[in-house]
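Enquirer: return atomic coordinates for the entry below.
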Amino acid sequence: MKLDRHTLSDLPPRVARPTYDLSQLRQGIVHIGVGGFHRAHQAAYTDALMNRGEALDWAICGAGLRQEDRTMRDALAEQNYLFTLVELADTADTEVRVIGALNDMLLAEESPQALLDKLADPAIRIVSLTVTEGGYCIDEGTGEFNPALPQIRHDLAHPDAPQSLFGFLTAGLVRRRAAGTPPFTVMSCDNLPHNGDVTRKALLAFARLRDPELADWIAGHVTFPNAMVDRITPMTSTRHRLDLHDRHGIDDAWPVVCEPFVQWVLEDKFVSGRPAWEKVGVQFIDDVTPYEEMKIKLLNGSHLALTYLGFLRGYRYVHETMQDPLFVHFVRGWMDKDVTPQLAPVPGIDLDAYKRTLIERFSNRAIADQLERVCSDGSSKFSKFSVPTINRLIDEGRPLERAALVVAAWALYLRGIDERGERYRIPDPNAEFCQALVADDEGLSARLLGVEQIFGPKIPRSAAFIDAFERNLHSLKTLGVSRTLERLLAQ
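Expert: Numbers count the residues shown, from 1 in each chain. Prediction:
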């Protein structure tokens, strides 16, 4: 049956559905960038709270700033913005649940004024974001906001007809300030270090270019909590949709699949209130830093450690890679020897148990997480997930072989052909630039490692790292992935 409000009562008994009255929801959140992760994470937490009979005034209005967001909006609109969340695990029955916390979605290209009106609405007290690492307009080389981007230049010239994230946020806050409406909290749910601080820095930089007095007002009145977010959410495939239909009789145009594990650690800095998410498992703390470093260095860094090597070997799924004992031993060595010594104590977390859980999560066959997804946007991910670890290894004079092998695997991956001779696309906005860096063997190390917006200034000045990189790149080319891993693990 087609999923919508009229068919909810007809769903099979094992499919969980909203226990609250959808007609009683009132919007309190605008979420910019509705994708799989938001729907499996923030929307799922909010729905769980609503199922307790609370937070009915915190429904979510989605917002899309890109042309590509129309596909999501149209799919959700046809089913009254309901969607199915499917948790997949090897060792437990699949949990299937209909989420009702999201109940509208506005498109900037369709009506920028409608989105501005929503941002100015006093009922909206949080604006949350999942716009990917590249959506914050930060120059990777300088770490500063980049005002030269075309959409930023447009919004500075046409402040009442914005196109960019920061143009819309600023215009919405201008309206609220003029009307005497309290500001909203800006809450990033993107997977980048100190995401709240990054958002604040970028928004203030944009606002200062528009009106320094406005920037001062935002600095004094708007809050930007940092958050650590975690849930593996692969791309929804045709197979996922067909499985949902065949097993449960639900025709959902765009369900979301995810692992059972979910975590959200959030600084409690909300200027205009928030849902009581702590009642459904969110951990509110004063400083997210130790949790964030643990997750980014262990989970995201380990993902990069295995993904390019796995793809070169011919694997296409994370669990498939983790069925190879060489990869399990390599990734566990990366976690134990390279990352863990750099981590501060994390309150309430047993790091050994956390690492075991990561291995189990990576090995989850049911979720079938695509290596292509993890491989994507490597030019942005390395600087955030791996370079800080490598820099510490260099500073402390520790072994560099594993770290250099990870970077060498990315360099070879960028050539677009695996060990089996299969060609593949490079899912990275900077793919053409990066592929040009590795097109010629002569001078490859200097060209690739010398890109400061990816690797920073320290790595290209480390003779030890360059030697390890060249040694591992040569080994991958001549011996292949498996024999290179065997040699490294034997050391």
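Enquirer: so who does the closest residue to residue 53 other than its chain neighbours touch?
Expert: Of all residues not flanking residue 53 in the chain, residue 20 sits nearest, at 6.7 Å (Cβ to Cβ, 6 or more residues apart in numbering). Every residue, glycine included, has its C-beta placed from N, CA and C. Contacts for residue 20 (Cβ atoms under 8 Å, 6 or more residues apart in numbering) come out as 50-51, 53, 56, 100.
Enquirer: also residue 230?
Expert: Residue 230 neighbours (Cβ under 8 Å, 6+ apart): 261-264, 295, 299.
Enquirer: make a PyMOL selection of whichever of these turn out to be buried.
Expert: A single PyMOL command is used to select the members of those judged buried by 16 or more other Cβ atoms under 10 Å:
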select buried, resi 261+262+264+295+299
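Enquirer: now intersect the contacts of residue 230 with the helices, please.
Expert: Among these, DSSP state H puts none in helices.
Enquirer: closest one to residue 329 out of the contacts of residue 230, please.
Expert: Distance to residue 329 across the contacts of residue 230 (Cβ to Cβ) is lowest for residue 299, with 18.1 Å.
Enquirer: and the closest one, how far is that from residue 359?
Expert: According to Cβ to Cβ, to the nearest Å, residue 299 stands 11 Å off from residue 359.
Enquirer: sitting in helices, which of the contacts of residue 20 do you find?
Expert: Among the contacts of residue 20, DSSP H puts residue 50 in helices.
Enquirer: just the C-alpha atoms of the host helix or strand of residue 305, please, in PDB.
Expert: Applying DSSP states H and E as the criterion places residue 305 in helix 301-313. Provided in PDB are the C-alpha atoms of helix 301-313 (Å, rounded to 0.1, in the frame of the first residue of the first chain):
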ATOM      1  CA  GLY A 301      39.400   8.000  10.500                       C
ATOM      2  CA  SER A 302      39.100   4.200  10.500                       C
ATOM      3  CA  HIS A 303      36.500   4.400   7.700                       C
ATOM      4  CA  LEU A 304      39.100   6.200   5.600                       C
ATOM      5  CA  ALA A 305      41.800   3.800   6.600                       C
ATOM      6  CA  LEU A 306      39.900   0.900   5.100                       C
ATOM      7  CA  THR A 307      37.700   2.400   2.400                       C
ATOM      8  CA  TYR A 308      40.300   3.200  -0.400                       C
ATOM      9  CA  LEU A 309      42.300   0.100   0.200                       C
ATOM     10  CA  GLY A 310      39.100  -1.900   0.100                       C
ATOM     11  CA  PHE A 311      37.900  -0.300  -3.100                       C
ATOM     12  CA  LEU A 312      41.300  -0.900  -4.800                       C
ATOM     13  CA  ARG A 313      41.100  -4.500  -3.700                       C
END
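Enquirer: gap between it and the chain center?
Expert: Mean-position distance between helix 301-313 and its chain equals 17 Å (Cα atoms, centre = their mean, to the nearest Å).
Enquirer: and the helix or strand following it, what other elements does it pack with?
Expert: Sequence-wise, the next helix or strand downstream of helix 301-313 (DSSP H and E) is helix 318-322. Applying 3 or more Cβ pairs under 8 Å, 6 or more residues apart in numbering; DSSP states H and E, one finds that helix 318-322 contacts helix 301-313, helix 325-333, helix 351-362, helix 371-375.
Enquirer: most packed of those helices?
Expert: Neighbour counts (mean count of other Cβ atoms under 10 Å) averaged over each of the helices and strands packed on helix 318-322 peak at helix 301-313, with a mean of 25.
Enquirer: helix 325-333 and that one, what's the angle between them?
Expert: Interaxial angle, helix 301-313 versus helix 325-333 (axes from the mean of the first three to the mean of the last three Cα atoms, to 10 degrees): 160 degrees.
Enquirer: mean confidence for the helix holding residue 305?
Expert: Averaging pLDDT along helix 301-313 gives 97.
Enquirer: that one packs against which elements?
Expert: Under the contact definition 3+ Cβ pairs under 8 Å, 6+ apart, helix 301-313 sits against helix 318-322, helix 325-333, helix 351-362, helix 371-375, helix 378-385, helix 401-413, helix 481-490.
Enquirer: residues contacting the fifth one, please?
Expert: Residues outside helix 378-385 that contact it (Cβ under 8 Å, 6+ apart) are 132-134, 140, 192-193, 296-297, 300-301, 303-304, 308, 407, 410, 413, 428-430, 433-434, 453-456.
Enquirer: filter those residues to the buried ones?
Expert: Neighbour counting by 16+ other Cβ under 10 Å classes 132-134, 140, 192-193, 296-297, 300-301, 303-304, 308, 407, 410, 413, 428, 430, 434, 454-456 among the contacts of helix 378-385 as buried.
Enquirer: which residues touch the strand or helix carrying residue 257?
Expert: Following DSSP H and E, one finds residue 257 within strand 256-258. With Cβ under 8 Å, 6+ apart as the test, strand 256-258 has contacts from 36, 39-40, 83-88, 231-234, 236, 240, 367.
Enquirer: give me the element the residue nearest the centre of the chain is part of.
Expert: What sits nearest the mean C-alpha location of the chain, by Cα atoms, centre = their mean, is residue 191, with 4.1 Å. Using DSSP H and E, residue 191 is not contained in any helix or strand.
Enquirer: what's the nearest residue to it once chain neighbours are set aside in contact with, if anything?
Expert: Nearest residue to residue 191 in three dimensions, chain neighbours excluded: residue 229, at 6.3 Å (Cβ to Cβ, 6+ apart). By Cβ under 8 Å, 6+ apart, the residues touching residue 229 are 37, 41, 189-191, 263-264.
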